[in-house]
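# Provide a 3D model corresponding to the input given below.
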Amino acid sequence: MTTIEALITAARRYCKDNFNYWANRYAKERTGSNYPVYSYSDGDYDLFPRYNVLDAILAEVEKLVGIQDTDLAACRQQLIEIGLTAQSALTTGKNNQIEKAAILQEREKFVKYISDVTLGELGLIDPLPHRRRLHMNEQAIVASQLHNYWNYDGNYWDPIEPKCPSEILFIAAAYLTEDDHNFIRTMAVSDNMYLLEVTEEGAYTEIAPGEINLASYETFYCPEDYSWCIYISHEATITFAGTALLSSLRKYFASRIDLFGQWPSYS
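The predicted structure follows:
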């Protein structure tokens, strides 16, 4: 990695590691009420906003992945600005003073880390799989292509709402074994440098093929030539489309082809 790549990777790792830390603490320490109304305690307000702002910062950091036309000082300053200003729907318009203080504290900690990390420390940073968040102009192009190729508009898709212009196969996620997951990942990796990932939050990301997550929800994957796609729904179904992809699936699942077209059992 270059020093620029190492700095951006360090920022990504910082956000991921600290997101996981605070998310785990919130899961274990939440003291608010779940019933009859979901509510937060003061302690909760000092926990969950921290991972929300780290997630917002990470989204903006990922837009810098792959940049070339900058130097270390300029990149460091870009990251500092991101730390101070990155927002999401979960970080804006907050009136609770504990929540606001927690968000500010995480911003300041990120900025301090980016400001203080040394060249020696950057030399020890391990690479991360490619994840580059697309900019608005790129998102618009991808959204248009997804609509043209697959009639996908960012909302429910097959089999929840039949929209695909060509044949599909869908299967309940619960029916897939670990070997099945590995086979699907292998197909996704084949001949593809990157995949496109679209989430229900409207995040458009260019990812390493090995990063495809079949345990996600309301997520759409396709290669950059749009020749096939995989859609994972909230209803725990996984839908496949694309002539070559369907052919490979039929061969692999030949003895279990009856699993396709069945909805998950919730009993």
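
# host element of the spatially closest residue to residue 88 that is not a sequence neighbour?
Spatially, and ignoring its direct neighbours in sequence, residue 88 is nearest to residue 56 (4.0 Å; Cβ to Cβ, 6 or more residues apart in numbering). Where C-beta positions appear, they are placed from N, C-alpha and C, glycine not excepted. For residue 56, the element it lies in under DSSP states H and E is helix 48-61.

# list the buried ones in that helix?
48-61 (16 or more other Cβ atoms under 10 Å).

# make TSV out of these and add pLDDT and distance to residue 67.
Output for these, formatted as TSV (pLDDT from 0 to 100; distance: Cβ to Cβ, whole Å):
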residue	pLDDT	distance to residue 67
48	97	31
49	97	29
50	98	27
51	98	26
52	98	26
53	98	23
54	99	21
55	98	21
56	98	19
57	99	17
58	99	16
59	98	16
60	98	13
61	99	11
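
# the helix holding residue 56: how far from the chain's middle?
On the basis of Cα atoms, centre = their mean, to the nearest Å, helix 48-61 sits 12 Å off its chain's mean C-alpha point.

# next: stretch 259-267.
In terms of Cα atoms, centre = their mean, the centre of stretch 259-267 is found 26 Å from the chain centre.

# ok, now stretch 234-243?
Taking mean C-alpha positions (Cα atoms, centre = their mean), stretch 234-243 and its chain are 18 Å apart.

# thinking again about what came up before, right, and the residue nearest to residue 88 touches residue 89 too?
No. The criterion here is Cβ atoms under 8 Å, and residue 56 misses it with residue 89 at 9.0 Å.

# okay, and the common contacts of the two?
Residues touching both residue 56 and residue 89 (Cβ atoms under 8 Å, 6 or more residues apart in numbering): there are none.

# secondary structure element holding residue 238?
Element membership for residue 238, per DSSP H and E: strand 237-241.

# parallel or antiparallel, which strands does that strand pair with?
strand 168-172 (antiparallel), strand 229-232 (antiparallel) (DSSP bridges).

# in CSV, list the buried residues of helix 48-61 along with distance to residue 154.
Compiled in CSV, the buried residues of helix 48-61 are given as follows (distance: Cβ to Cβ, whole Å):
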residue, distance to residue 154
48, 26
49, 27
50, 29
51, 25
52, 22
53, 25
54, 25
55, 20
56, 20
57, 24
58, 21
59, 17
60, 21
61, 23
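
# run the angle between the helix ranked longest in the chain and helix 48-61 for me.
Ranked by number of residues, the top helix in the chain under DSSP state H is helix 3-29. Relative orientation of helix 3-29 versus helix 48-61 (axes from the mean of the first three to the mean of the last three Cα atoms, to 10 degrees): 160 degrees.

# give me the packing partners of helix 3-29, helices and strands only.
helix 48-61, helix 72-85, helix 97-116, helix 119-122 (3 or more Cβ pairs under 8 Å, 6 or more residues apart in numbering; DSSP states H and E).

# thanks a lot, see you next time.
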